[in-house]
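In: Generate a structure from the sequence data that follows.
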Amino acid sequence: MARYTGPRTRIARKFGEPIYGPDKHLERRNFPPGQHGVTKKRKKTSEYGIQLREKQKAKYTYGVLERQFRNTFEKASRSKGVTGAVLLQLLESRLDNVVYRLGVAPTRASARQLVSHRHLTVNGKVVNVPSYQLKPGDIIGVREKSKSLETIVDSLTTRQSSKLPWLEWDDTQMAGKFMTMPERTDIPENIKEQLIVELYSK
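Out: Here you go, the predicted structure:
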């Protein structure tokens with residue numbers, strides 16, 4: 001399956017929460033998509049269905065495909081620590097996600113595009129791999145010739161000031177620092193990672 005490029009509100013309505021960020025359409029139509037979305041009586045979801053739904057929500061939230069997600073989970077399961085928390089840490093430390101978290105791009109999809117188009121650097125070197133795993137101490141910067149790019153300037157101008165403890169941003173240098181791996185309590189995503197662990201453990 002290729003990466004999902006369809007209507008994002010439809011996916012947000014499916015999960016009943018704004019997984020792609022604030023969504024005025026979701027606020028007006030906060031019921032499942034489809035012509036029977038409001039009235040249809042839904043059957044009770046099975047345990048497997050609940051677990052699968054949580055995995056799908058995580059995949060859509062971070063914009064990761066099935067094989068990538070599975071590989072990330074296997075890497076997390078081999079690491080020290082709680083598998084579910086490590087999984088989210090690995091997803092959060094992807095370059096495209098950190099670019100989004102720093103406010104350089106308004107969405108993860110646009111952050112992925114900026115990385116792919118070689119607008120960003122890691123420790124002074126251009127990196128065009130969105131899934132690049134950052135390590136504590138890495139510096140993420142905007143290339144000199146890309147600093148006037150309208151998308152980046154607009155995003156930095158309108159970005160929210162909510163400061164995440166594992167990231168640091170320098171406006172004068174237009175660069176951010178990945179300080180440390182985030183603690184689970186600091187990750188704002190509403191994902192029940194234990195359900196994903198249970199799904200893959202079957």
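
In: Outside of stretch 93-110 itself, list whatever touches it.
Out: 20-21, 61-63, 91-92, 111-115, 120, 122, 127, 129-135, 140, 142, 151-152, 154-156, 158-160, 164, 167, 169, 176, 178, 181-182 (CB atoms under 8 Å, 6 or more residues apart in numbering). Bear in mind the C-beta positions are built from the backbone N, C-alpha and C, glycine included.

In: In helices, which of these fall?
Out: With helices defined by DSSP state H, the entries of the contacts of stretch 93-110 inside them are 61-62, 91-92, 111-115, 151-152, 154-156, 158.

In: and residue 126, bridged to which residues?
Out: residue 121 (DSSP bridges).

In: circling back to that earlier point, could you flag which of the contacts of stretch 93-110 are buried?
Out: Using 16 or more other CB atoms under 10 Å as the burial test, the contacts of stretch 93-110 include 20, 61-63, 91-92, 111-112, 114-115, 120, 122, 127, 130-132, 134, 140, 142, 151-152, 155-156, 159, 164, 167, 169, 176, 178, 181-182 as buried.

In: sorry, back to before: just give me the closest of the ones in helices among the contacts of stretch 93-110 to residue 50.
Out: Comparing these against residue 50 with CB to CB places residue 61 closest, at 16.6 Å.

In: Which pLDDT value belongs to the closest one?
Out: pLDDT recorded at residue 61 is 90.

In: what separates residue 174 from residue 90, distance-wise?
Out: 26 Å (CB to CB, to the nearest Å).

In: What of residue 131?
Out: 10 Å.

In: so what are the domain limits for this protein?
Out: 8-90+189-200, 94-180 (automatic domain parsing).

In: Can you flag the weakest of those domains by average pLDDT?
Out: domain 8-90+189-200 (a mean of 80).

In: farthest-separated two in the ones in helices among the contacts of stretch 93-110?
Out: Those two in the ones in helices among the contacts of stretch 93-110 that are separated most widely, counting by CB to CB, are 91 and 154, at 25.8 Å.

In: Nearest residue to the residue nearest in space to the middle of the chain in space, please, no chain neighbours.
Out: For the chain, the residue nearest the mean C-alpha position is residue 62 (3.0 Å; CA atoms, centre = their mean). Spatially, and ignoring its direct neighbours in sequence, residue 62 is nearest to residue 91 (4.8 Å; CB to CB, 6 or more residues apart in numbering).

In: and the gap between that neighbour and residue 195?
Out: 15 Å.

In: ok, back up a step: need the contact list for the residue nearest to residue 62.
Out: Residue 91 neighbours (CB under 8 Å, 6+ apart): 58, 62, 64, 72, 97.
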